[in-house]
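Asks: predicted coordinates and the sequence they were generated for:
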Amino acid sequence: MNLQHIAEQALAALRSEGADASQATVSTSALTELNITHSEPSLLRSTQSHRLSLVGIWDGRKASTDLSDLSPESLVAAARALRGDAAAAPQDTAHAVSSGQHTAITRGPMDADLTALADAAHDVLDFRAKATPTMNIEEGAASHTRADTQTLTSGGSHLQSTLGWYGVSVFGTARDPGPDGQMRTSSFHYTGGETEDLRGTPAHSRFGIADMMQELTRSVVTQGVADCFGGKFVGDVVLTPSAVATLLGWLQGQVGDMALISGSSMYRDKVGEVVASPLLNLASRFDAPGIAAVSGDGFVTPPLQLLQAGRLQALTPSLYGSRKTGLAHVPTASGGWELAAGTTPLVDIVRGVPRGAVVGRLSMGNPAANGDFSGIIKNSFAIDGGVVGTALSETMINGNVAQMLRDVVAVSTERIDTGGWCMPWVRVSGLHFS
Amino acid sequence: MPQSVTTATAATDYLETRRHELRKMRMLMVDGNLTTNLRSTEAGISARAHHGGYWGFSALPGAASQDQVAKVVQQARSNAQAMGRFGSRSTLALPGESYVGQHSFKGKAELTAAECNERLQALHSFCKRRYPDVRSTRFLLSDEHHSKWLTTSRGGDSLSSIQRGLCYITLMSNADDGSPIELSHPLSWKGSAADGDLSPEHLAPQIDQLYQHLQAKRHAVPARGGMQTVVLAPALAGMLAHEAMGHPCEGDIVLGGAVTSGLVGQRVASDLVSMVDIAHTWAGEEALMPVYVDDEGTPARDAVLIDKGILSGFMHSRETAERLGQAPTGSARAYAPGDEPLVRMRNTVILPGTSKLQDMIAGVEDGYLLAKTGNGQADSTTEFMFSVTLAYEIKNGKLGSAIRDTTVSGSAIKVLQSVDAVSDDMHWEGGGYCGKKQVMVVAMGGPALRTRAHMGGQ
């Protein structure tokens, strides 16, 4: 399948429909995935998919469509339908497509190595059997993905990427009789990540998988906050890397299109100001496994420093968001972020917490528009006098996400790298536990 | 669909092929700006084979030509055989009957993009005119249509379809302290966007109410954290049914070690509580997500999960039914053309009781009415969390101040065991996605419940 040819045909079809500006993205993906279910190998999958995404703008009116039928007849019909859809849309001078953008990215293993996938599955299952036998892998996977993408725009942009990567993921619970002999179940937990090379490091040693599985086996017997601490209190949390990623995801939403256009962003006028702890340095890694350094609206995405010593360096509106709000356009890729390691070993961070918890996962709804949140801490362990103790259950923390970013008081030297993100542990002070 | 390819052979113990079309429309209007105007079509053919205790799955995009069908069947068989490298396993019998028949929803002709835009513009203009102090409006209009042609080596041969439309209305304002506040109202229905009445005249009472709640949130006070008496409005009871007890009653989650696995026949709720995952029909009417046949060709039937407080059963695919020694319920569903069927909920409800909501509120001396939720998550332990986007204090049986966005949580078993009143009304909701490896369109419903739960707050 010649993706560039299909994209060119699609642009030609839109041109012949009189589009003022247009974009065509053709992508194909092939997935080979070995699944584990209930701690046993269960299924081998081979799937292919392809998609054409079209954007057309006529007189400031825009419409878009995705289709899986890539035949010439389908392209012509889609272009015609798109014109009809756009005619119905309100005029908006902010609509535009990229111009003059060029890149060609080829990275990673292009073909699935089934033996490597089977070895990875074997390794995780062997580790479970030997080190964490009470943990049940409810779902696990070792996979290879190959993704080819071509984007052309009427402004002369041509962005192409050919990526191959492996992934390993584990999701499960532990089940074990407690001291009283009564069977108990832990909360579920999961982790996983992407890599361009499965060789060398055992699968269970990647992406925090072994730590996660071991922590599950220690979290079958739990206590509530009343039993551990005698009731409500104000204390500190040590967020694990995946919880840090959740925290920073909120910040990224606040500096993106939806919050900026609707006016709800708390950071609209904060570029150049300190919005977070000076310990926080957040930067892109748009060359992470499975990530192409291009944005969905057809721009090359150069490296980006979002936080420098807690100071906000940029907002990240898309081209549309930029033209809508008057803010500078800062394109970002679909993922790939890292928080710089700090200077405090994790063990010292924990030692410094008088009362609080190591938080593996935050289960909560979207924080309120002003950043207020309350959520259940999952896969979490009490810290009392600098010592990690019992797993916690039915424990809530309450605070404000923006304030949490400011209240980071320590960042660990250690980090977990899942490919899409690389994060340390961070200690945040002043959370309300109940 | 060529029948011959779905015959089990020496190379397979079971085989199914599915041709699946998925069409979606999504339009998002923010302050009158149409920021999303998207239509998508996805079609593909998949095959799943079972051999020697292992599964093989394969999927290709596009229309299902004879060649493509043969290719995915061959690949699925080959994948199942390749799993033999992990050693021999006993073959599953995969119990259950096979369905032959067709079901599709006959709704109105679909709306054009122009008609969708007109409806959104009308709603936006209505809100701007009627509520001049509202800072921002957001309207999401979406629909999706699934059509699945399934044949199985057990003689299953079916066409089934799911169609659902939804509209989310969101108003945003500023609280007294200047911070932004917002509130959403979800609408969902069976069929396409055309089958929902989106006229401002029809929706005015609901949007007026949304606006009044938003005004109340401007002066909201923080919730008191800790165990509280709460009245869960029907919208939250449906979420409780789905998230907190529904997931732990899915056969694969049970096999994974969910706390429910050892509780069948035991009391897990007050005897006022009965909970059912409805296949397709409730109270004589077709449910929002009617499933007559699942994606393994099993005839779908209701799964009674809790009967008057006693845990009664689980939802099953053929495989989980066999492993747990129960009957399949027709709950194996695949979301997209490239997905294999997993155990999923369909229309999960807590059944109505006999109390009146006003009486339930009047009976609370000090507590909260939890009126709207944004999302929820649950755990294998039945511990759940729902975000609460609208709630009011109850003092001496009367509603007081609105409270700020918060979270409610607890062990579903403890919360359901504490239920002392169930209202006689029923609220259905079918606009969300359930996430579990794949997303899935599901419906949920319930009456109001009065119970004790843990509120987030200081």
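Replies: Arrived safely, thanks for sending.
Asks: please name the residues that touch the residue most central in space within chain B.
Replies: Geometric centre of chain B, nearest residue: B:Val442, 2.8 Å, by Cα atoms, centre = their mean. B:Val442 sits next to B:His242, B:Met289, B:Arg344, B:Met345, B:Arg346, B:Asn347, B:Thr348, B:Gly430, B:Gly432, B:Tyr433, B:Cys434 when contact means Cβ atoms under 8 Å, 6 or more residues apart in numbering or on different chains. For every residue, glycine as well, the C-beta is placed using N, CA and C.
Asks: what pLDDT does the model give it?
Replies: Reported pLDDT at B:Val442 in the predicted model: 96.
Asks: for it, give its distance to B:Lys71.
Replies: Separation of B:Val442 from B:Lys71 (Cβ to Cβ, to the nearest Å): 32 Å.
Asks: and for B:Ser188?
Replies: Taken as Cβ to Cβ, the span from B:Ser188 to B:Lys71 is 38 Å.
Asks: quick revisit: is there a quick ChimeraX command that grabs whichever of the contacts of B:Val442 are buried?
Replies: Selection of buried members from the contacts of B:Val442 for ChimeraX, criterion 16 or more other Cβ atoms under 10 Å in any protein chain shown:
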select /B:242,289,344,345,346,347,348,430,432,434
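Asks: tell me which element A:Leu279 is part of?
Replies: For A:Leu279, there is no host helix or strand (DSSP states H and E).
Asks: isn't it right up against A:Arg406?
Replies: No - with contact defined as Cβ atoms under 8 Å, A:Leu279 does not count as touching A:Arg406 (10.5 Å).
Asks: between those two, which is the more surrounded one?
Replies: Neighbour comparison, A:Leu279 and A:Arg406: the larger count goes to A:Leu279, with 20 against 17 (by other Cβ atoms under 10 Å in any protein chain shown).
Asks: which of the three states applies to residue 79?
Replies: Let's take chain A. helix (DSSP: H, G, I helix; E, B strand; the rest coil).
Asks: oops, I was thinking of chain B
Replies: B:Asn79 is classified as helix under three-state DSSP.
Asks: more neighbours, B:Ser188 and B:Lys71?
Replies: When neighbours are counted by other Cβ under 10 Å, B:Ser188 and B:Lys71 differ, and B:Ser188 comes out ahead with 21 against 16.
Asks: tell me how far that one lies from B:Glu21.
Replies: Distance, B:Ser188 to B:Glu21, by Cβ to Cβ: 21 Å.
Asks: can you check B:Leu187 too?
Replies: As judged by Cβ to Cβ, B:Leu187 and B:Glu21 stand 25 Å apart.
Asks: which residues are in contact with each of A:Leu279 and A:Arg406?
Replies: What both A:Leu279 and A:Arg406 touch, as defined by Cβ under 8 Å, 6+ apart, is the set A:Gly310.
Asks: which ones are touching the closest residue to A:Ala104 other than its chain neighbours?
Replies: Nearest residue to A:Ala104 in three dimensions, chain neighbours excluded: A:Gln160, at 4.9 Å (Cβ to Cβ, 6 or more residues apart in numbering or on different chains). Neighbouring residues of A:Gln160 by Cβ under 8 Å, 6+ apart: A:Leu3, A:Gln4, A:Thr103, A:Ala104, A:Ile105, A:Thr149, A:Gln150, A:Thr151.
Asks: now those as a markdown table including neighbour count?
Replies: Shown next, in a markdown table, are the contacts of A:Gln160 (neighbours: other Cβ atoms under 10 Å in any protein chain shown):
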| residue | neighbour count |
| --- | --- |
| A:Leu3 | 22 |
| A:Gln4 | 14 |
| A:Thr103 | 16 |
| A:Ala104 | 10 |
| A:Ile105 | 18 |
| A:Thr149 | 21 |
| A:Gln150 | 22 |
| A:Thr151 | 29 |
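Asks: for residue 323, list the residues it contacts.
Replies: I'll assume chain A. Here A:Arg323 is in contact with A:Thr93, A:Ala94, A:His95, A:Ala96, A:His329 (Cβ under 8 Å, 6+ apart).
Asks: think we crossed wires, I meant chain B
Replies: Counting by Cβ under 8 Å, 6+ apart, B:Arg323 has contacts B:Gly251, B:Leu255.
Asks: and the pLDDT at it?
Replies: For B:Arg323, pLDDT reads 95.
Asks: likewise for A:Ser393?
Replies: So A:Ser393 comes in at 86 (pLDDT).
Asks: pretty sure it contacts A:Ala226?
Replies: No - using Cβ under 8 Å, A:Ser393 is not in contact with A:Ala226; the gap is 10.9 Å.
Asks: higher neighbour count, the two?
Replies: A count of neighbours by other Cβ under 10 Å puts A:Ser393 above the other of A:Ser393 and A:Ala226, at 23 against 14.
Asks: spell out the secondary structure type for the residue in chain B that chain A sits nearest to.
Replies: Taking Cβ to the nearest Cβ, chain A has its nearest neighbour within chain B at B:Ser387, 2.1 Å off. Here B:Ser387 is recorded as strand under three-state DSSP.
Asks: tell me the SS of the residue nearest to it when sequence neighbours are not counted?
Replies: Excluding the flanking residues, the one nearest B:Ser387 by Cβ to Cβ, 6+ apart is A:Gly365, at 2.1 Å. Put simply, A:Gly365 is coil when judged by three-state DSSP.
Asks: wait, what's in contact with A:Gly365?
Replies: A:373, A:375, B:373-376, B:385-389, B:405, B:407.
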